[in-house]
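**Student:** let me see the structure of the following:
(2 chains)
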Amino acid sequence: MSNKKDNLVEVRGLTFKFGSRIIFDGIDLDLQRGKVTAIMGPSGTGKTTLLRLIGGQVRPSGGAISVDGHEVARLTRRELFELRKRMGMLFQSGALLTDLSVFDNVAFPLREHSGLPEAMVRDLVLMKLEAVGLRGAQRLMPSELSGGMARRVALARAIALDPMMIMYDEPFTGQDPISMGVLVKLIRDLNEVLGLTSIIVSHDVAETAAIADYIYVLSQGKVVGEGTPDELHHANSEWVRQFMQGMPDGPVPFHYPAADYAQELLSREGRR
Amino acid sequence: MSFFQQLGHHALAAFQRLGRANLFLWTVLVGVPGLLFRLRLLIQQLFAVGVLSLVIIVVAGLFVGMVLGLQGYYTLVDFGAEESLGVMVALSLVRELGPVVAALLFAGRAGSALTAEIGLMKTTEQLSGMEMMAVDPLKRVIAPRFVAGVLSMPLLAAIFSAVGVMGGYVAGVTLLGVDEGAFWSQMQGRVDFHEDIMNGVIKSVVFGVVVTWIALFEGYDAVPTSEGVSRATTRTVVYASLAVLGLDFVLTALMFGEV
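**Tutor:** The predicted model follows:
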């Protein structure tokens, strides 16, 4: 009973179809308040879609997602926007507004929602930028930032309204080792210092395992493994071990399903 | 069988898109009153959409007016009616060429820019990012651009017509020697404010709504890839231009048909 109270996000029997393709087929997830939970899985398992479902940008085909006790799909647009003010999301691309400077990007949610006087907005923006180490870059435009810096600015923007949770969409993809290290440290530190709940969607096993408290592994629309990073490394499932250790062949075949190789080479024309 | 299936599929897709476009327009219109409190957003867009289109409008207006002056003179002089050149130039511009040509240029200059901008904002997840920050992109991004387009279009058409009249003056009076007094006085006497000028303004408002609507919707509905944005931009120019020409016929028939 007390366990239930601890969950900030609860996913129950979630199904989601995209056309005739089934992305999720009845998955259950519990994301505990104050923890870093990672959702992992191969590319194309709909991890980003999961974040969009939690953020209410797309509606599930079945099942329910509740965030802080509100069932996301049942909220009106106004209620949903209220909820989103308390959720931060870090997009893979950063999604900075390209016509605004770094400073104005971080100030954007504050100016839109807080109604604070400009002097206070300035102080808050500088504090958030200081937290990600980019106070010195406040006048730059997004086009002048490296990928890692853009993601840190986006992170500063995501925490501008002091949300209760942050969703990270592939935060480590395409980062050099230094920015990767910076991001790993930032995500963990922010979670501790600001008392956030973090959800990381990623397929970078080592980095994610280093900071996650709990990991769910998804594949083909199902949860195929869950546990602490340690438990998963020694999981019984061959599939989970293949994924965690990054082996090219195993239960997940190297080859995309295809007709018999010899037969296809010998046939005169490829048939559809 | 598969032919009919495809036909039905395309028809359904087209109607779905039309439905989405209407819902889109409705949502944007709902967001328009809120702009009164955020005039800065509107002013920025008026500059981008309107002021930056001025050069092409002025230059095109000048040349169109000059050509009208030349062609009109050659036709009218055979009947000894070259003193009516001012009326001819002014009426052609105010009733037809001003609104229509300005709208076509506007679709090419501002419409394509709007589609590309919105399409790229979608591709780079900026719109989606705004939504996740609880900011409605239809109100924050689309509505100011829509209002700016609708306000700019009649002004640009008016400037086009005014510059065109000057062009006609240069060609007719300065180069070909039409009597200056007759040029202006006949124009003043025969161009009616309600019948001619207001009808031209109504046309350009309608064109402004249609061109801006198409441009913004195409950008917002673009497939978020570079190819998708390029296609959407092309579609904006094609659809907007055809819509302007088609609507011009309808509006002309309604306005000047009877009498």
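**Student:** residue B:17 and residue B:242, how far apart?
**Tutor:** 16 Å (Cβ to Cβ, to the nearest Å). Backbone N, C-alpha and C define where each C-beta goes, glycine included.
**Student:** now do residue B:45
**Tutor:** Residue B:45 is 25 Å from residue B:242, by Cβ to Cβ.
**Student:** quick one, phi/psi of the residue of the stretch 151-259 of chain B found nearest chain A?
**Tutor:** Residue nearest to chain A within the stretch 151-259 of chain B (Cβ to the nearest Cβ): residue B:224, separated by 11.0 Å. Per-residue torsions, residue B:224: phi -80, psi 60 (degrees, to the nearest 10).
**Student:** thought it was touching residue B:123?
**Tutor:** Yes - proximity of residue B:224 to residue B:123 meets the contact threshold set by Cβ atoms under 8 Å, at 4.3 Å.
**Student:** tell me the spacing between residue A:139 and chain B.
**Tutor:** 19 Å (Cβ to the nearest Cβ, to the nearest Å).
**Student:** output the contacting helices and strands for the longest helix seen in chain A.
**Tutor:** Ranked by residue count, the top helix of chain A under DSSP state H comes out as helix A:177-193. Contact here means 3 or more Cβ pairs under 8 Å, 6 or more residues apart in numbering or on different chains; DSSP states H and E; on that basis helix A:177-193 packs against strand A:36-40, helix A:147-158, strand A:197-202, helix A:205-211.
**Student:** one more pass at 10 Å, please.
**Tutor:** strand A:36-40, strand A:87-90, helix A:118-131, helix A:147-158, strand A:165-169, strand A:197-202, helix A:205-211 (3 or more Cβ pairs under 10 Å, 6 or more residues apart in numbering or on different chains; DSSP states H and E).
**Student:** out of these, nearest to residue A:242?
**Tutor:** helix A:205-211 (11.0 Å; Cβ to Cβ).
**Student:** neighbouring contacts of that closest one?
**Tutor:** Helix A:205-211 is contacted by residues A:36, A:38-40, A:168, A:171-172, A:175, A:180-181, A:183-189, A:191, A:198, A:200-202, A:204, A:215, A:217, A:228-230, A:232-233, A:243-246 when judged by Cβ atoms under 10 Å, 6 or more residues apart in numbering or on different chains.
**Student:** in ChimeraX, how would I select the buried members of those residues?
**Tutor:** ChimeraX command restricting the contacts of helix A:205-211 to the buried ones, with burial defined by 16 or more other Cβ atoms under 10 Å in any protein chain shown:
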select /A:36,38,39,40,168,171,172,175,180,183,184,186,187,191,198,200,201,202,204,215,217,229,232,243,244
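**Student:** show me the contacts for whatever residue of the stretch 1-150 of chain B ends up closest to chain A.
**Tutor:** Residue nearest to chain A within the stretch 1-150 of chain B: residue B:129 (3.3 Å; Cβ to the nearest Cβ). Shown in contact with residue B:129 (Cβ under 10 Å, 6+ apart): A:89-91, A:93-97, A:105, A:108, A:154, A:157-158, B:121, B:135, B:137.
**Student:** 8 Å instead, please
**Tutor:** Applying Cβ atoms under 8 Å, 6 or more residues apart in numbering or on different chains to residue B:129 gives the contacts A:89, A:91, A:95, A:96, A:97, A:154.
**Student:** below-threshold pLDDT in the stretch 101-250 of chain A: ranges please.
**Tutor:** Nowhere does the stretch 101-250 of chain A drop to pLDDT under 70.
**Student:** which SSE is the closest residue to residue B:133 other than its chain neighbours in?
**Tutor:** Of all residues not flanking residue B:133 in the chain, residue A:109 sits nearest, at 4.8 Å (Cβ to Cβ, 6 or more residues apart in numbering or on different chains). Following DSSP states H and E, the helix or strand that holds residue A:109 is helix A:102-113.
**Student:** just residue A:29 next, same as before
**Tutor:** Using DSSP H and E, residue A:29 falls in strand A:21-32.
**Student:** so what touches that strand?
**Tutor:** A:6-17, A:37, A:39, A:45-46, A:49-50, A:60, A:62-63, A:197, A:199, A:213-214, A:216, A:218, A:220-223.
**Student:** narrow those residues to those in strands?
**Tutor:** Among the contacts of strand A:21-32, DSSP state E puts A:7-17, A:37, A:39, A:62-63, A:197, A:199, A:214, A:216, A:218, A:222-223 in strands.
**Student:** still on that earlier bit, narrow the contacts of strand A:21-32 to those that are buried.
**Tutor:** By 16+ other Cβ under 10 Å, the contacts of strand A:21-32 give A:7-11, A:14, A:16, A:37, A:39, A:45-46, A:49-50, A:60, A:63, A:197, A:199, A:214, A:216, A:218, A:220-221, A:223 as buried.
**Student:** next helix or strand past whatever helix or strand residue B:99 lives in?
**Tutor:** Following DSSP H and E, one finds residue B:99 within helix B:98-106. Moving toward the C-terminus from helix B:98-106, the next helix or strand (DSSP H and E) is helix B:112-123.
**Student:** which helices and strands sit right next to that next one?
**Tutor:** Using 3+ Cβ pairs under 8 Å, 6+ apart: helix B:112-123 touches helix B:126-132, helix B:143-169, helix B:199-220, helix B:226-256.
**Student:** swap in 10 Å and give it another go.
**Tutor:** In terms of contacts (3+ Cβ pairs under 10 Å, 6+ apart), helix B:112-123 is packed against helix B:126-132, helix B:137, helix B:143-169, helix B:199-220, helix B:226-256.
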